[in-house]
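K.L.:
Fold the following.
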Amino acid sequence: MAKRKRLTPASPDFLGGSPAPTASPEASPTPAPAPSAGPSPARPSLSAASTPPIAQVAGGAARNAAFEEVTALITEARREGRLIQPLPLSEIDPGYLVRDRISVPEEDQQSLRESLRARGQQMAIEVVDLGEGREPRYGLISGWRRLSSLRALFEETGEARFSTVLARIRPPQAAGEAYVSMVEENEIRLGLSYYERARIATKAVEAGAFEHDEAALSALYASASRPRRSKIRSFAELVRRLDALLRFPASLGERIGLEMAKALREDPGFETRLAAALDKAAPESAEAEQEAIRKALKTPAVSRAKRSEAPKQGRLSGPVELHWQEDRGEIVLSGAGVTEELRQRLEAWLAGK
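P.N.:
Numbers count the residues shown, from 1 in each chain. Now for the predicted structure:
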């Protein structure tokens, strides 16, 4: 069996201190010090005095690790567009994308302004960082109504709480992805008409976000059924050919819109008749405009046989002789009546068209 070894206390002078005095039994006891009138000196806390250096190092390392973890999480959230932060209204470009809402009823905007005034902004908008040196710095992706309402409130009140908007800063992305983000939000939150859906697709193509209408429709309305995308495609033809004529296009229903698209395909004279009908009616409401459209749709079109018999060229005599060839798209004016004044009048008339 191993022999046990008795341990003795460490020598007091082991760490270089002076040896402690040894008390002898014969020595008289030292009297206790008299109580001091002043406050007793502060003693170091037990935890500070007793915390070993290794524990202090470990605690500091843990704090640094926690700080680095939080910093990494914030950086990742900012990079992925999950971090919400306030941005000055002046730093956001609302026209970065062509909006899919042609118009918003004033009563809806008024309700939103009252909600923002009473409860503040409850949902963040989405913007994209356009890069340093750009003015404005951020482009609006979604949240146009909230942004415009906050701007109206700031102009009205001048209150600092309306001078900024809560926003999620999305990372730079392709224009097509930005359009998809905008459409996805409004498809969920707002009831877009077929015309509005078609308009955003055609404008996205014009902006170069997509190569053609089919690519735009497939990307922007990927969750829509084939029949639904087919209807949006029909309305896209209305947007391209009639957008400048219509005053209330967002109010067009599915049925009348599809009838108009069919007339554009099958009746070459429909667009001209419609323009004349709308010019004559000068509608001030969606109902009046659609009434004029129905009249143009009911006007019988010239039959194909009659169209084929129509003259392809002709001539008018008088002070001004006019020669035209329909197949070449050519009109020639000649004669003594062709003057500088006539040219100016013709240019003014054509400019008005």
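K.L.:
Low-confidence stretches in the stretch 151-300 of the chain?
P.N.:
In the prediction, the stretch 151-300 of the chain carries residues with pLDDT under 70 at positions 172-175, 185-191, 300.
K.L.:
where exactly do the strands run in it?
P.N.:
Assigned by DSSP state E, counting those that start in this stretch, the strands in the stretch 151-300 of the chain fall at 164-170.
K.L.:
Run through the residues that contact Met123.
P.N.:
Contact analysis of Met123 by C-beta atoms under 8 Å, 6 or more residues apart in numbering lists Gly143, Arg146. All C-beta atoms are positioned from the backbone trio N, CA, C, and that covers glycine.
K.L.:
Can you tell me the SS state at it?
P.N.:
What DSSP: H, G, I helix; E, B strand; the rest coil gives for Met123 is coil.
K.L.:
end-to-end on stretch 201-216?
P.N.:
6 Å (C-alpha to C-alpha, to the nearest Å).
K.L.:
all helices for the stretch 251-353 of the chain, in order.
P.N.:
254-266, 270-281, 286-298, 304-309, 340-352 (DSSP state H, counting those that start in this stretch).
K.L.:
typed the wrong thing, it's the stretch 1-150 of the chain
P.N.:
46-50, 53-80, 106-119, 144-157.
K.L.:
Check which helices and strands the third one sits against.
P.N.:
Contact here means 3 or more C-beta pairs under 8 Å, 6 or more residues apart in numbering; DSSP states H and E; on that basis helix 106-119 packs against helix 144-157.
K.L.:
Which strands or helices does the helix it packs on pack on?
P.N.:
helix 106-119, strand 164-170.
K.L.:
would you list those in CSV and tack on distance to Arg233 and mean neighbour count?
P.N.:
Output for the helices and strands packed on helix 144-157, formatted as CSV (distance: least, C-beta to C-beta, whole Å; neighbours: other C-beta atoms under 10 Å):
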stretch, distance to Arg233, mean neighbour count
helix 106-119, 29, 13
strand 164-170, 29, 20
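K.L.:
need the ones you listed in JSON lines with distance to Leu83, can you?
P.N.:
Putting the helices and strands packed on helix 144-157 into JSON lines (distance: least, C-beta to C-beta, whole Å) gives the following:
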{"stretch": "helix 106-119", "distance to Leu83": "22"}
{"stretch": "strand 164-170", "distance to Leu83": "7"}
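K.L.:
Among these, which comes closest to Ser230?
P.N.:
helix 106-119 (29.9 Å; C-beta to C-beta).
K.L.:
Give me the contact list for the closest one.
P.N.:
Gln122, Arg145, Arg146, Ser148, Ser149, Leu150, Ala152, Leu153, Phe162.
K.L.:
mean confidence score for it?
P.N.:
Across helix 106-119, pLDDT averages out at 91.
K.L.:
Tell me, how many residues neighbour the nearest residue to Ile125 once chain neighbours are set aside?
P.N.:
Excluding the flanking residues, the one nearest Ile125 by C-beta to C-beta, 6 or more residues apart in numbering is Gly143, at 2.7 Å. Residues near Gly143, counting by other C-beta atoms under 10 Å, number 24.
K.L.:
just to revisit the earlier point, nearest to Glu347, out of the helices and strands packed on helix 144-157?
P.N.:
Of the helices and strands packed on helix 144-157, the one closest to Glu347 (C-beta to C-beta) turns out to be helix 106-119, at 39.7 Å.
K.L.:
now the closest one against strand 164-170, angle please.
P.N.:
100 degrees (axes from the mean of the first three to the mean of the last three C-alpha atoms, to 10 degrees).
K.L.:
for the helices and strands packed on helix 144-157, which one sits closest to Arg240?
P.N.:
Comparison of the helices and strands packed on helix 144-157 against Arg240 by C-beta to C-beta identifies helix 106-119 as nearest, at 28.2 Å.
K.L.:
So for stretch 332-348, what gets flagged as buried?
P.N.:
Neighbour counts over stretch 332-348 (16 or more other C-beta atoms under 10 Å) mark Val338 as buried.
K.L.:
who touches that stretch?
P.N.:
Everything outside stretch 332-348 that qualifies as a contact, by C-beta under 8 Å, 6+ apart, is Gly318, Pro319, Val320, Glu321, Leu322, His323, Trp324.
K.L.:
Out of these, which two sit at the greatest distance?
P.N.:
Most distant of these, by C-beta to C-beta, are Pro319 and Trp324, 17.2 Å apart.
K.L.:
Looking at the two, which has the bigger crowd around it?
P.N.:
Trp324 (16 against 10).
K.L.:
Tell me who's in contact with the nearest residue to Pro249 once chain neighbours are set aside.
P.N.:
Computed as C-beta to C-beta, 6+ apart, the closest residue to Pro249 that is not its neighbour in sequence is Tyr195, at 4.8 Å. Tyr195 sits next to Ile102, Phe235, Leu238, Val239, Pro249, Ala250, Leu252, Gly257 when contact means C-beta under 8 Å, 6+ apart.
K.L.:
Most neighbours of all the residues you listed, which one?
P.N.:
The most crowded member of the contacts of Tyr195, judged by other C-beta under 10 Å, is Phe235 (25 neighbours).
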